[in-house]
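give me a 3D structure for the following:
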Amino acid sequence: MNVVITIVLGLLGFLALVASHEFGHFTFAKLFGIRVPTFSIGMGPKLFGFKKNGTDYVFSLFPIGGYVHVYGMDKGEMKGEPDEFLSKSLWQQFLVIFGGPLFSFLFGALLFYGSVLSTGINVIQNAPISVSAGSTDSMPFLKGDSIISINDKDIIYWNDIYKYVNKNDKNTFKVFRNGNVVNITLPKKRFNLLGNVDPVIPAIIGQVEKNSAAFKSGLKPGDKVLAVDSANIKNWNSFVSIIKGRAGQKVGLKVLRGNDTLSLSVIPKAQKGLDHDTIVTYGAIGVMVKTPMVRVNPIYAISLAYNQSISSVKLIGYQLKLLIEKKVSPKMLGGPVSIVKLTGDYANWGMAALIGFIAFISIDLALINILPFPPLDGGQIVLFSFYRVLGEKMSEKIMMIVEYIGFALIILLMLYVTYNDIIRLFHK
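Alright, predicted model coming up:
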């Protein structure tokens, strides 16, 4: 993708995240009759804007954040007027502060919903199965079985298995095996055995990332991978497994395109990712498997968006846990530059991938901001709680020192992640 377009898309995505977060603070402040002198997208000197209903809406020079000036949060602004932040009840103050993370989460969930509703979901065609090598001897499924139905509901797509299976009760499967239909009953306590079963997916390219290693090698959607070097490829998983282990090495591909067999070469790019609780390096060429896309109804889309949002929360929490336990290096942290770059990268996969990435980052922003650490929103809630509970027992000077220390640490963190961003840009 053109560098200028990448930067523009990245900045727009980042500013949308900022705007949704600050709009949460703004909405609750206005709802409770608190004065809001300024709503700024961007930081630093004002570029342009307009004033309406007592609020100056501005776009500022540096697109690295934004802010809402809620009048009366600073004790120096207190005059005892009813439209001041500290004149409001504690629960109203909490909602004004919590509104930012809340709107960030809702914005992410809404993006997931819009993406699912507008583009549909990728599904895997029902296919004969493979069984993990480590499965127990009591595994009722065999390699080559085709699951026809679960609890008398037909399985058309592999995704339907998890849609129709009952986690809290036994399940009855009809399986096509060697020309015969076999009934299998899976008790509730053995539900986890389904995790050892996967569909055998043909190694057919569905999508090629623009400017990726695969794109430059000449691979195209619809190509069927027949061999990688001397290894014959029978399914998508075997293809991915070989590519992952060949980072930085030249790989020969034999592909079927229409009626023609072509020989291509590609060098998988080294990528870093999580394997359980360890950072590993693996090869990637920038392709996705060919899968059907199906539309879903608005009600089911709500369920899918909810599941995506909760999965994002769990993943972010898991990553924070690994960071705290020092199983993941802080060098993996990224800042605004990384967000802008990654937004452009995801745009190479299409609009659905781009929207999904922005949704994930929005939920990430919500969770980070509720951490009880000044000057994050969670830290502000803690500080104002102390102020309201202890009153004059905690001096303004102490409160200010705590805020300044927190602010200084956040600035240092921002400098650190920006440094990481720059290092990644120039040392690929």
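
okay, now the domains of the chain?
Domain segmentation of the chain under automatic domain parsing yields 3-35+70-120+359-426, 129-199, 205-290.

doesn't Leu17 lie inside a strand?
No. Using DSSP: H, G, I helix; E, B strand; the rest coil, the secondary structure at Leu17 is helix, not a strand.

what's the closest non-adjacent residue to it?
In space, and not counting its chain neighbours, Leu17 is closest to Ser362: 5.3 Å by C-beta to C-beta, 6 or more residues apart in numbering. C-beta coordinates here come from the backbone N, C-alpha and C atoms, glycine included.

what sits against that neighbour?
Leu17, Ser20, His21, Ser104, Phe105, Phe107, Gly108, Leu111 (C-beta atoms under 8 Å, 6 or more residues apart in numbering).

of those, closest to Pro82?
His21 (26.6 Å; C-beta to C-beta).

could you point out the helix or strand that follows the helix or strand containing the closest one?
Using DSSP states H and E, His21 sits in helix 3-31. Remark: after helix 3-31, the chain's next helix or strand is strand 38-52, criterion DSSP H and E.

residues of that following strand that come out buried?
Within strand 38-52, the residues scored as buried using 16 or more other C-beta atoms under 10 Å are Thr38, Phe39, Ser40, Ile41, Gly42, Gly49.

equivalent analysis for stretch 210-224, please.
Ser212, Ala213, Ala214, Phe215, Ser217, Leu219, Asp223, Lys224.

tell me which two of the contacts of Ser362 sit farthest apart.
His21 and Leu111 (13.5 Å).

ranges for the helices of the protein?
Using DSSP state H, the helices of the chain run over 3-31, 90-119, 159-164, 213-217, 236-244, 298-324, 336-347, 351-369, 377-390, 396-426.

so for Ser130, which of the ones you listed sits nearest?
helix 236-244 (7.5 Å).

measure the spatially most central residue of the chain to Val296 for me?
Nearest to the mean C-alpha position of the chain, by C-alpha atoms, centre = their mean, lies Phe360 at 3.0 Å. According to C-beta to C-beta, to the nearest Å, Phe360 stands 20 Å off from Val296.

equivalent analysis for Ile148, please.
23 Å.

do the same with Asp154
Using C-beta to C-beta, we find Asp154 at a distance of 17 Å from Val296.

compare these two (neighbour count), which wins?
Val296 (15 against 11; other C-beta atoms under 10 Å).

is that one in contact with Lys163, as I believe?
No. If you go by C-beta atoms under 8 Å, Val296 and Lys163 don't touch, sitting 10.7 Å apart.

and stretch 286-296, which residues are buried?
Gly286, Val287, Met288, Val289, Lys290, Thr291.

typed the wrong thing, it's stretch 260-267
Leu264, Val266, Ile267.

show me where pLDDT drops low in this structure?
1-3, 6, 74-78, 133-137, 189-193, 274-279, 319, 322-323, 325-344, 387-428 (pLDDT under 70).

what about the strands in the stretch 151-300 of the chain?
153-154, 171-177, 180-186, 197-199, 205-208, 224-228, 231-232, 251-257, 260-266, 269-275, 278-284, 287-289, 293-294 (DSSP state E, counting those that start in this stretch).

how far does the third one sit from the chain's center?
Spelled out, that is strand 180-186. 38 Å (C-alpha atoms, centre = their mean, to the nearest Å).

over to the second one?
Distance of strand 171-177 from its chain centroid, counting by C-alpha atoms, centre = their mean, is 35 Å.

next one: the first one
Centre-to-centre, strand 153-154 and its host chain are 32 Å apart (C-alpha atoms, centre = their mean).

what is the burial count for Lys254?
17.

thought it was touching Thr261?
Yes. With contact defined as C-beta under 8 Å, Lys254 counts as touching Thr261 (6.4 Å).

which residues are in contact with both of the two?
In contact with both Lys254 and Thr261: Leu226, using C-beta under 8 Å, 6+ apart.

contacting residues around the residue nearest to the centre of the chain?
Contacts of Phe360 (C-beta under 8 Å, 6+ apart): Gly108, Ser312.

roughly how far does it sit from Phe23?
For Phe360, the distance to Phe23 - C-beta to C-beta - is 19 Å.

coming back round to it: what's the closest of the buried residues of stretch 286-296 to Lys174?
Thr291 (23.9 Å).

tell me how far the closest one lies from Gln125.
7 Å.

likewise for Tyr306?
Tyr306 is 26 Å from Gln125, by C-beta to C-beta.

same question, Ile150
Counting by C-beta to C-beta - Ile150 and Gln125 are separated by 16 Å.
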